[in-house]
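# need a structure here:
(one chain, ligands or ions: 1)
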Amino acid sequence: MQIVILKNSVEVAEYGANIFIEQLQAKPDSVLGLATGSTPMSLYRQLINANQAGEVSFVKVKSFNLDEYLGLDGSHPQSYRYFMNEQLFDHIDIDKSQTFVPPGDAQDPIEACERYENQIIEAGGIDIQLLGIGRNGHIGFNEPSSGLMSRTRVKTLTKATIDDNARFFSEGEYQPHLSITMGIGTILDAKKVVLLATGDNKADAIKATVEGALSASCPASALQLHRNAVLVLDEAAASKLSDCDFYRHIEVENQKLRASLAKS
Ligand code: PGA
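Next up, the predicted model:
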């Protein structure tokens, strides 16, 4: 895993956005894996700015979101389809029919999960997957105890996740306890993975992800198996890592290597 430690959430969003911008410039028909939550919001704003400035186009892009609440259709303000439209799709030149979010209103959720996996395969697989991380180490809605090779399926949310997300629902409003989520195996199949984490409430999860054992207790630790995963952290999220100096040293060496390759 490549560990990038930056000063604050602004730098994290900028760094993450640049990875996506470079990806889109190199491959305009990229298949993007996208995420919801508060962490990616400023990255999306930067992608919108880059699109409006003509630096990148999404015309040929397909996208697949990680997850959706089961029981909410896309017109519900708390659904992840609604979030994606508001935060990104409505402001860029993407063909919305090519943006896929697991269907929260599926009559047959099990069949819908299988269909989602097939749609990803038919699109040629995900080129680059964006991830946030839960305080409990979840990626997507793969809660602790999720199978490390799991595929898209229905998952029950933990109390911690329900409590964390309660802030988005108004008092007395129905809050789903089930979701459809890409599996950890689905995520690991992406060619590149970019995980963003900011704030000290993510420090324990990041410690377990980077320096803990590979374990279903911390689903994000599965990224230890990925060939091309980058974790972009602010200082607060990295604050419990033991080997920060080493990770910073690696980044300096990587940058030197990239600079010398660019010259040659
Ligand atoms: P957050 O959520 O970005 O709102 O912290 C991340 C997640 O739960 O995956």
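# Distance check, the residue positioned nearest the centre of the chain against Ile120.
Computing the C-alpha centroid of the chain and ranking residues by C-alpha atoms, centre = their mean puts Leu131 first, at 1.8 Å. For Leu131, the distance to Ile120 equals 15 Å [C-beta to C-beta, to the nearest Å]. Bear in mind the C-beta positions are built from the backbone N, C-alpha and C, glycine included.
# Quick one: residues contacting the residue nearest to the centre of the chain.
Ala35, Leu66, Ile139, Gly140, Ile187, Val193, Val194, Leu195, Leu196, Ala220 (C-beta atoms under 8 Å, 6 or more residues apart in numbering).
# need those residues in TSV with distance to the ligand and neighbour count, can you?
Below are the contacts of Leu131 laid out as TSV (distance: C-beta to the nearest ligand atom, whole Å; neighbours: other C-beta atoms under 10 Å):
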residue	distance to the ligand	neighbour count
Ala35	7	23
Leu66	8	27
Ile139	7	29
Gly140	7	30
Ile187	12	26
Val193	13	25
Val194	13	26
Leu195	9	25
Leu196	8	27
Ala220	9	28
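# Including distance to Pro77, pLDDT and secondary structure, could these go into a markdown table?
Formatted as a markdown table, those follow (distance: C-beta to C-beta, whole Å; pLDDT from 0 to 100; DSSP: H, G, I helix; E, B strand; the rest coil):
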| residue | distance to Pro77 | pLDDT | secondary structure |
| --- | --- | --- | --- |
| Ala35 | 18 | 98 | coil |
| Leu66 | 19 | 98 | coil |
| Ile139 | 24 | 98 | strand |
| Gly140 | 21 | 98 | coil |
| Ile187 | 26 | 98 | helix |
| Val193 | 29 | 98 | strand |
| Val194 | 27 | 98 | strand |
| Leu195 | 26 | 98 | strand |
| Leu196 | 24 | 98 | strand |
| Ala220 | 28 | 98 | helix |
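# any chance of these in a markdown table, plus distance to Lys159?
Below are the contacts of Leu131 laid out as a markdown table (distance: C-beta to C-beta, whole Å):
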| residue | distance to Lys159 |
| --- | --- |
| Ala35 | 22 |
| Leu66 | 21 |
| Ile139 | 18 |
| Gly140 | 18 |
| Ile187 | 23 |
| Val193 | 27 |
| Val194 | 28 |
| Leu195 | 23 |
| Leu196 | 24 |
| Ala220 | 19 |
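# which one among those residues gets closest to Leu24?
Val194 (13.1 Å; C-beta to C-beta).
# Bridge partners for the closest one, pull those for me.
Leu130, Val230 (DSSP bridges).
# The spatially closest residue to the residue nearest to the centre of the chain that is not a sequence neighbour and Val61, how far apart?
Leaving aside its chain neighbours, Leu131 sits nearest to Leu195 (4.2 Å; criterion: C-beta to C-beta, 6 or more residues apart in numbering). Distance, Leu195 to Val61, by C-beta to C-beta: 20 Å.
# Likewise for Phe89?
10 Å.
# residues in contact with Thr23?
Residue 23: Gln, not Thr. Ser30, Leu32, Asp127, Ile128, Lys192.
# Near the second one, how many other residues are there?
The tally of other residues near Leu32 (other C-beta atoms under 10 Å) stands at 23.
# Centre of the chain to the one helix or strand Ser42 maps to, how far?
Take DSSP states H and E as the rule and Ser42 turns out to sit in helix 41-52. Put simply, helix 41-52 sits 15 Å off its chain's centre (C-alpha atoms, centre = their mean, to the nearest Å).
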